[in-house]
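J.: okay, here's the prediction I keep looking at, along with the sequence it came from:
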Amino acid sequence: MPALACVDGAVTHPVYGFTWDGSLHVPGAFPGSITATATIPNSLERPVTWSTDHSAALYKIDVWGAPYFTVNDAGNMSVRPFGSATLPHQEIDLMKVVKKASDPKSLGGLGLQLPVIVRLPDVLKNRLESLHSAFHFAIESNGYDSHYQGVYPVKCNQDRYIVQDIVEFGSTFRFGLEAGSKAELLLSMSYLIRGSPDALLICNGYKDEEYVSLALMGRSLAINTVIVLEQEEELDTVVKTSRKFGVRPVIGLRAKLRTKHSGHFGSTSGENGKFGLTTSQILSVARKLQKLEMLDCLQLLHFHIGSQIPSTALLADGVGEAAQIYCELAKLGAAMNVIDIGGGLGIDYDGSHSSCSDMSVGYGLDEYASTVVRAIQYACNQKQVRHPVICSESGRALVSHHSVLIFEAVSTSAVVPESIKQNLAYLLDALEDEARVDHRNLMASAVLGEYETYIIYADQLKRRCVEQFKDGMLGLEHLAAVDLLCDLVAREIGASDPVRTYHVNLSIFSSIPDFWAIGQLFPIVPIHRLDQRPVVNGVLSDLTCDSDGKVNKFIGGSGSLPLHEIPVAGSGGYYLGMFLGGAYQEALGGLHNLFGGPSVVRVSQSNGPHCFAVTQAVPGSSCADVLRAMQHQPELMFEALKRRAEEYARGDGDAIMCSLARAFHSMPYLVYDAMDSEHDSAALAGSYDDDVEWEFMRCLSF
């Protein structure tokens, strides 16, 4: 590249005179110039005509979307609700769904406003059946002596209809639920009374006496609840509460394995994981149960390697370690019956089928199930222990595919007004001498094809003009003209950033919180016009006032997404879909784990004896409140449990109903007595008005 001193001679450059009218009509094209349509990635061959196959390849639809999503002949994204068994006439055109949802009622639509989540229960059912079939095949082909029955962790998405569908679809497979909070436990109990009587209700999470009481009530109502100990001290609470209720518990232990995966989702695994018991704590719990003559209550071992387990090698390592612990507990005399392998069954968000990325996994359902079955079978055969029931808590793999978030791009980066373009030469003529020199030098470097030199002069010109603008020596129109000049020349010579910002009618924080929080990528694709060539590279900016509300990274590692031009007003919208987001996104964006919001108090300084006064106190959301927020109906849930209590717990029915009413009324967070003395404890107990409890139960009973 010529030295910058040589470029300064461009003041009298013979190739480029300074009578330019601002329209970039120079003698010939700039060296290396490109056209505006060259913004799509170079890795994609540019066919003479564009087809839906090219779009499918560009957006990798056939790899991350199989077997549920495809592009139809109309150029629209289409759903195959039964997976590979879907017939052509059974496919669901997402654009038709959007039209039905958003058209006014006068035109036969539903009159809904976008964004909209499209739920696909058929896909959910197919995922559940596929998971069960994979384990059934692995069990049969390996001669395994027990069966598989999974549970759905409701924290993945607590929406009423999802939980309801899973219990209904999974009834023939003895499919159950997993709860991690009191509100989730109430939810699970109320739905499982309509499911298989053999379905497991796994009670995970930190526990207080009320949580344990609810789980034991579940056993009184003939619900197959298992209390999984996360901390050694929880055993005392379980023993004390079970004696109080006269109900013998079924207990599980969560093992803190040495096995750990190194990805983002493995942070809760390994010896330093958040949950679980060490080997010494497991032995301690077993010995305590033996002394209490309750070792027969210990029937389940649970562990969790981490979400999105990347490879079957890591899976086999973790399952093998846990299976050895299971066998040792069985040999100690525990009535072991179930091994719960936790979550971790991953999905391929980017279609790369890679074991080296948090966005993908290097296996399918069949490989996953076969690895689990073989690892448990090997350990049990080695130790001559009866093969256990295999349980998994696969949430992400079950619900991710069944939900599509559809939103509209409402505008894109502003176009420069024609009035400024027309006056460009006149405005640039009014620049100060030093700025005019920068202007001439950057134009000369552009003509000579010296792009790096051009960038230096463009930056220098902009900085000089900004300083003059700040000093009041340059007008707003002149500053805009300089920006436009640099943009037009950069675009002409191919040195500009071709990425445009598309403004979408969405909140990233509410609808795609994992992208903002942990960098999780989801496939985002236009759901129509896929028979047309995209001509713009874009990033997506939401409607929030937060600068983090932007999607600027996409599957495959690209910093932009190929998009089409937004139609002019009145000619239809431009719609995009986010896929594979059915797990966690709604729960995280709203009411994760159904804990709801905390209580709030306002405290002001006061001249009283304590120097402050509480001027306002607002209780946090009750279990009933957060359940309503996710479209559940606490009143109907309570009525269903009440009928169950009348049927199964005749003598204790009233007490159970009171306790259930209190649970719906209480906050989902843990409850601890802050007062240690008998006097203070009595005062705390008396502070809960029995009339309030009965009134709340009456309200729940209509």
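T.: Received the coordinates, thanks. The model shown is predicted, which means the values in this text are computed figures rather than measured ones.
J.: CA atoms for contacts and neighbours, from now on please.
T.: Will do.
J.: other SSEs contacting the lengthiest strand in the chain?
T.: Scanning the chain for the longest strand, with DSSP state E as the assignment, gives strand 403-412. Helices and strands touching strand 403-412, by 3 or more Cα pairs under 8 Å, 6 or more residues apart in numbering; DSSP states H and E, are strand 116-119, strand 499-504, strand 574-578.
J.: can you rerun that using 10 Å?
T.: Where contact means 3 or more Cα pairs under 10 Å, 6 or more residues apart in numbering; DSSP states H and E, strand 403-412 is packed against helix 94-102, strand 116-119, helix 121-142, strand 499-504, strand 524-526, strand 536-541, strand 574-578.
J.: and the ones you listed: which comes nearest residue 609?
T.: Among the helices and strands packed on strand 403-412, strand 536-541 comes nearest to residue 609, with 52.7 Å by Cα to Cα.
J.: returning to what we had before: got the helices and strands packed on strand 403-412 as TSV, with mean pLDDT and mean neighbour count columns?
T.: Putting the helices and strands packed on strand 403-412 into TSV (pLDDT from 0 to 100; neighbours: other Cα atoms under 10 Å) gives the following:
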stretch	mean pLDDT	mean neighbour count
helix 94-102	87	17
strand 116-119	86	17
helix 121-142	96	19
strand 499-504	87	20
strand 524-526	95	23
strand 536-541	89	22
strand 574-578	93	21
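J.: dump the ones you listed to JSON lines, plus distance to residue 468.
T.: Output for the helices and strands packed on strand 403-412, formatted as JSON lines (distance: least, Cα to Cα, whole Å):
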{"stretch": "helix 94-102", "distance to residue 468": "50"}
{"stretch": "strand 116-119", "distance to residue 468": "48"}
{"stretch": "helix 121-142", "distance to residue 468": "61"}
{"stretch": "strand 499-504", "distance to residue 468": "28"}
{"stretch": "strand 524-526", "distance to residue 468": "43"}
{"stretch": "strand 536-541", "distance to residue 468": "32"}
{"stretch": "strand 574-578", "distance to residue 468": "41"}
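J.: closest to residue 364 out of the ones you listed?
T.: That would be helix 121-142 among the helices and strands packed on strand 403-412, by Cα to Cα, at 9.5 Å.
J.: next secondary structure after the closest one?
T.: strand 151-153 (DSSP states H and E).
J.: so which bits of the helix or strand just after that next one are buried?
T.: Toward the C-terminus, strand 151-153 is succeeded by helix 160-169 as the next helix or strand (DSSP H and E). Buried positions in helix 160-169, judged by neighbour count with 16 or more other Cα atoms under 10 Å: 160, 162, 163, 164, 165, 166, 167, 168, 169.
J.: same question for stretch 545-565.
T.: Buried residues in stretch 545-565 (16+ other Cα under 10 Å): 549, 550, 551, 552, 553, 554, 555, 560, 561, 562, 563, 564.
J.: tell me how far the first one lies from residue 539.
T.: Between residue 549 and residue 539 the distance, using Cα to Cα, to the nearest Å, works out to 11 Å.
J.: any idea which helix or strand in this structure has the lowest mean pLDDT?
T.: Ranked by mean pLDDT, DSSP states H and E, the weakest helix or strand in the chain is helix 4-8, scoring a mean of 34.
J.: need the helices for the stretch 551-700 of the chain, in chain order.
T.: 585-589, 623-629, 634-648, 653-665, 678-686, 690-700 (DSSP state H, counting those that start in this stretch).
J.: check contacts around residue 557.
T.: 350, 521 (Cα atoms under 10 Å, 6 or more residues apart in numbering).
J.: what pLDDT does the closest residue to residue 128 other than its chain neighbours get?
T.: Counting by Cα to Cα, 6 or more residues apart in numbering, residue 128 lies nearest to residue 398, which is 6.2 Å off, once chain neighbours are set aside. Note for residue 398: predicted pLDDT of 95.
J.: residue 519 too?
T.: Reported pLDDT for residue 519: 81.
J.: swap in residue 55?
T.: 95.
J.: for the strand or helix carrying it, packing partners?
T.: Element membership for residue 55, per DSSP H and E: helix 52-58. Counting by 3+ Cα pairs under 10 Å, 6+ apart, the packing neighbours recorded for helix 52-58 are helix 61-64, strand 69-71, strand 524-526, strand 561-563.
J.: now with 8 Å, please.
T.: Using 3+ Cα pairs under 8 Å, 6+ apart: helix 52-58 touches strand 69-71.
J.: touching the next helix or strand along the chain from the strand it packs on from outside, list them.
T.: Per DSSP H and E, the first helix or strand lying C-terminal to strand 69-71 is strand 77-79. Residues outside strand 77-79 that contact it (Cα atoms under 8 Å, 6 or more residues apart in numbering): 68-72, 91-95, 526-528, 530.
J.: looks like the residue nearest to residue 128 contacts residue 123 (just checking).
T.: No - between residue 398 and residue 123 there is no contact under Cα atoms under 8 Å: 9.1 Å.
J.: would TSV of the contacts of strand 77-79 with distance to residue 138 be doable?
T.: Converted to TSV, the contacts of strand 77-79 look like this (distance: Cα to Cα, whole Å):
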residue	distance to residue 138
68	24
69	27
70	29
71	33
72	35
91	30
92	32
93	35
94	35
95	39
526	38
527	37
528	40
530	39
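J.: hmm, which of those are the buried ones?
T.: 68-72, 91-95, 526-528, 530.
J.: what is the nearest of those residues to residue 470?
T.: residue 526 (42.5 Å).
J.: quick one, what contacts that closest one?
T.: With Cα under 8 Å, 6+ apart, residue 526 has these contacts: 77, 563, 574, 575, 576, 577.
J.: cool, residue 377 as well?
T.: Counting by Cα under 8 Å, 6+ apart, residue 377 has contacts 144, 387.
J.: in the helix or strand hosting it, what counts as buried?
T.: Element membership for residue 377 (DSSP H and E) is helix 365-383. Neighbour counts over helix 365-383 (16+ other Cα under 10 Å) mark 365-366, 368-377, 379-380 as buried.
J.: and the next helix or strand after it, what's buried?
T.: With elements assigned by DSSP H and E, the helix or strand that comes after helix 365-383 is strand 389-391. Residues of strand 389-391 classed as buried: 389, 390, 391 (neighbour count, 16+ other Cα under 10 Å).
J.: quick one on the thing from earlier: quick one: which of the helices and strands packed on strand 403-412 is nearest residue 204?
T.: Comparing the helices and strands packed on strand 403-412 under Cα to Cα, the one sitting nearest is helix 121-142, at 21.7 Å.
J.: helices or strands next to that closest one in the packing?
T.: Using 3+ Cα pairs under 8 Å, 6+ apart, helix 121-142 sits against helix 160-169, helix 365-383, helix 396-399.
J.: just tell me which of the ones you listed ends up closest to residue 640.
T.: Closest among the helices and strands packed on helix 121-142, using Cα to Cα: helix 160-169, at 13.9 Å.
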